[in-house]
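K.L.:
Predicted model and sequence follow; I will ask about them next.
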Protein chains: 2
Amino acid sequence: MKGNLAKGRITIVGTGLIGGSLGLALKAAGLKEVEIVGHDRDRGTANQAQRLGAIDRAEHNLSRAVTGASIVIIATPVLAVRDVMRQIAGDLAEGAVVTDTASTKAQVMQWAEELLPSHVSFVGGHPMAGKETPGIERAEAKLFSGEAYCICPAVNAKEEAVRSVVSQAQLVGAEPLFIDPEEHDQYAAGVSHLPLLISTALFTMLRASPAWTEMAMMASSGFRDVTRLASGDPRMSHGICMTNREAVIHWLERMIGELSHFRDLLQDWKDEELLKAFAGAQMDRDAFLARPPQRRMEASALPNLRQQLLDALAGTWVTERARRLERLPKLQEKRSSERKE
Amino acid sequence: MKGNLAKGRITIVGTGLIGGSLGLALKAAGLKEVEIVGHDRDRGTANQAQRLGAIDRAEHNLSRAVTGASIVIIATPVLAVRDVMRQIAGDLAEGAVVTDTASTKAQVMQWAEELLPSHVSFVGGHPMAGKETPGIERAEAKLFSGEAYCICPAVNAKEEAVRSVVSQAQLVGAEPLFIDPEEHDQYAAGVSHLPLLISTALFTMLRASPAWTEMAMMASSGFRDVTRLASGDPRMSHGICMTNREAVIHWLERMIGELSHFRDLLQDWKDEELLKAFAGAQMDRDAFLARPPQRRMEASALPNLRQQLLDALAGTWVTERARRLERLPKLQEKRSSERKE
């Protein structure tokens, strides 16, 4: 352990699309007293993040970047999280909060337990947001606006640490969602990782067809939307598969079954069933868009987010903590009891 | 056959998203001398098209709507095209141009041959455009901008008729693409109908999962993009399957194979191959977005589109036709010789 808790330093490790957008969003939230330091293994990326105003200062030495930081956000592809944890473990300040943004959580929680010192609090995070094209050039403050921000506190994480990550998620405009890491990975495999694989498989297959030139000439917005995720960062996609293998295989099998079902309907001239399937999908999806399920943690549950994050940074928690802390475990409990299989 | 070629009437049958957008785009192109009449089997839709300025006048009697029209655009879901052709056949003016906007072409060309009188020219059309939500409310003049507009002239269609549909496509901002109907259906099955089925199957499967509520809370822009086509008009999707069954089954089988391949890579821990697959998809898709294959008919090939369409409407073709007509067969020839399997 080196250094003390300097008042107000957040260090972002990995200043690409997600890390850069977090920086921009935190700045847009008006955290002027806070210094945001950025590190990227690619120096040019960190420098560009600084030029774009996503960080106050690029620090090319990882050890120096995290030394004395109150909050460290690891925003690298998931497979790099382990190395970063290993490298920074000895440099983290007493009581520091460490969080991440990786697409899978169970593996990351395990690494944190193995690699991080017990005097820091790890609170896993996964902002559910992305863009057609990765990279710091595309970073924007509004990236997380209205999207879910999954939060998985380590069992030994301090409540203050959990609160500061919740505040951070809300300050960037996202909606925090407490979730068990294993459940997160199962659900993310369906709603995020499977779409990624489908998108990639569809694009790869058509691209390899002898008729690709003709098809590409005909391709319209529908094709571009469905294949959008094929343009994501390959290391990120690869890391997702490596750290969530079983769940992804499960959903791939399910999808193969679903496509086979549609093939059978076509082959057996089940016209009416096909029409029903299309009509049902349209109705259900329109309902989903019009009334998405409410995430359970309302913004009002945690008033004065900015002050809370500042408090966390300074390590000076207000004394009437009890009242405010009371709500958090309740919400977690509520979610657990409501969970369906 | 009733009525004569009135100077300047275009009739749109089916004034939903596509028909309405065609009307708006033609009006935006400054065709003020032309009257655009709209008919929809749902009277409210036709009235709304009129209120939105997509048509000059709603005509609820189909027979009266097409009588005396120089150009009839059938913009209904594909299965309704047949009925419309049957109903209007006796009312079409001598020399009228009939076109459509349906998603499949071989079946439509066959219906046209069987049902339309020999004194009219049928030129099949398929503007490659759509939106998340169908309906006249979403119609907009820019819908076709920069997208392909597939054109399949019937063997006995007059060159003037072909030209007027080409002009119409260009006037609405699209890029005309001459294509054989059978080939169109094969390619569209891959690049348009398969994505539609994938989108629908993915949404339907996840929606039916016991964990849907949790997954829906986590769903982000990636999920919404990949499932976008599930919100399309069910009758349209159903009609596509009914009229392009074999090609769709073919591509569904191919996609099942591709997903199985990815599943195998995961199951066999082929990490490096997975990374390569993601990297290749990203590179190829970025190249496709940056440099989409050029459609072969440049705007400059047919100067003064507006005048050409007006000429077609008036039936008064300029005398130096030879020079201008010369180019069309050449382009068609060029495309045929360049076609790959």
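P.N.:
All right, it came through fine. Computed from a predicted model, the values in this text were never measured in an experiment.
K.L.:
So what's the residue count around A:Asp264?
P.N.:
Counted by other C-beta atoms under 10 Å in any protein chain shown, the residues lying close to A:Asp264 total 13. Every C-beta, even on glycine, is put in place using the N, C-alpha and C of the backbone.
K.L.:
tell me which element it falls in.
P.N.:
helix A:245-267 (DSSP states H and E).
K.L.:
Restricting to C-alpha, output that helix in CSV.
P.N.:
Provided in CSV are the C-alpha atoms of helix A:245-267 (Å, rounded to 0.1, in the frame of the first residue of the first chain):
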residue,chain,number,x,y,z
ARG,A,245,-18.5,-19.8,-22.0
GLU,A,246,-21.2,-22.0,-20.6
ALA,A,247,-24.0,-19.5,-20.5
VAL,A,248,-23.2,-18.4,-24.0
ILE,A,249,-23.2,-22.0,-25.3
HIS,A,250,-26.5,-22.5,-23.5
TRP,A,251,-28.1,-19.5,-25.3
LEU,A,252,-26.5,-20.4,-28.7
GLU,A,253,-28.2,-23.8,-28.4
ARG,A,254,-31.5,-22.2,-27.6
MET,A,255,-31.2,-19.9,-30.5
ILE,A,256,-30.3,-22.8,-32.9
GLY,A,257,-33.5,-24.5,-31.6
GLU,A,258,-35.6,-21.3,-32.2
LEU,A,259,-34.3,-20.9,-35.7
SER,A,260,-35.0,-24.6,-36.4
HIS,A,261,-38.5,-24.1,-35.2
PHE,A,262,-39.0,-21.2,-37.7
ARG,A,263,-37.5,-23.4,-40.4
ASP,A,264,-40.0,-26.1,-39.5
LEU,A,265,-42.9,-23.7,-39.7
LEU,A,266,-41.8,-22.7,-43.2
GLN,A,267,-41.1,-26.2,-44.3
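K.L.:
Is there contact, residue-wise, from that helix to chain B?
P.N.:
Yes - Helix A:245-267 lies within reach of chain B by C-beta under 8 Å from any C-beta of the partner chain, at A:245, A:248-249, A:252-256, A:258-263, A:266-267.
K.L.:
tilt between that helix and helix B:245-267?
P.N.:
Note on geometry: by axes from the mean of the first three to the mean of the last three C-alpha atoms, to 10 degrees, helix A:245-267 and helix B:245-267 are set 170 degrees apart in direction.
K.L.:
buried set for helix A:245-267?
P.N.:
A:245, A:247-252, A:254-256, A:258-259, A:262-263, A:265-266 (16 or more other C-beta atoms under 10 Å in any protein chain shown).
K.L.:
ok so, going back, quick one: which of the residues of helix A:245-267 next to chain B is nearest B:Gln168?
P.N.:
Comparing the residues of helix A:245-267 next to chain B against B:Gln168 with C-beta to C-beta places A:Leu266 closest, at 33.0 Å.
K.L.:
correct me, but the closest one touches B:Cys241?
P.N.:
Yes - between A:Leu266 and B:Cys241 there is a contact under C-beta atoms under 8 Å: 5.8 Å.
K.L.:
tell me, what's touching those two both at once?
P.N.:
Common contacts of A:Leu266 and B:Cys241 (C-beta atoms under 8 Å, 6 or more residues apart in numbering or on different chains): A:Leu274, B:Val248.
K.L.:
Surely A:Ala93 forms part of a helix?
P.N.:
No - A:Ala93: not assigned to a helix; according to DSSP: H, G, I helix; E, B strand; the rest coil it is coil.
K.L.:
pretty sure it contacts A:Ile71?
P.N.:
No - the pair A:Ala93 / A:Ile71 is not scored as a contact, 10.1 Å apart, by C-beta under 8 Å.
K.L.:
ok, A:Gly280 to A:Arg43 distance?
P.N.:
52 Å (C-beta to C-beta, to the nearest Å).
K.L.:
of those two, who's got more company?
P.N.:
Taking other C-beta under 10 Å, A:Gly280 and A:Arg43 do not tie; A:Gly280 has more neighbours (17 against 11).
K.L.:
now the strands for chain A?
P.N.:
Applying DSSP state E to chain A gives strands spanning A:9-13, A:35-39, A:57-58, A:71-74, A:97-100, A:121-127, A:148-153, A:175-178.
K.L.:
As JSON lines, those with mean neighbour count, mean pLDDT and distance to A:Asp185 would be great.
P.N.:
Listed next are those as JSON lines, based on neighbours: other C-beta atoms under 10 Å in any protein chain shown; pLDDT from 0 to 100; distance: least, C-beta to C-beta, whole Å:
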{"stretch": "strand A:9-13", "mean neighbour count": "27", "mean pLDDT": "97", "distance to A:Asp185": "22"}
{"stretch": "strand A:35-39", "mean neighbour count": "26", "mean pLDDT": "97", "distance to A:Asp185": "27"}
{"stretch": "strand A:57-58", "mean neighbour count": "18", "mean pLDDT": "98", "distance to A:Asp185": "33"}
{"stretch": "strand A:71-74", "mean neighbour count": "26", "mean pLDDT": "98", "distance to A:Asp185": "17"}
{"stretch": "strand A:97-100", "mean neighbour count": "27", "mean pLDDT": "98", "distance to A:Asp185": "14"}
{"stretch": "strand A:121-127", "mean neighbour count": "26", "mean pLDDT": "97", "distance to A:Asp185": "10"}
{"stretch": "strand A:148-153", "mean neighbour count": "25", "mean pLDDT": "96", "distance to A:Asp185": "10"}
{"stretch": "strand A:175-178", "mean neighbour count": "22", "mean pLDDT": "94", "distance to A:Asp185": "14"}
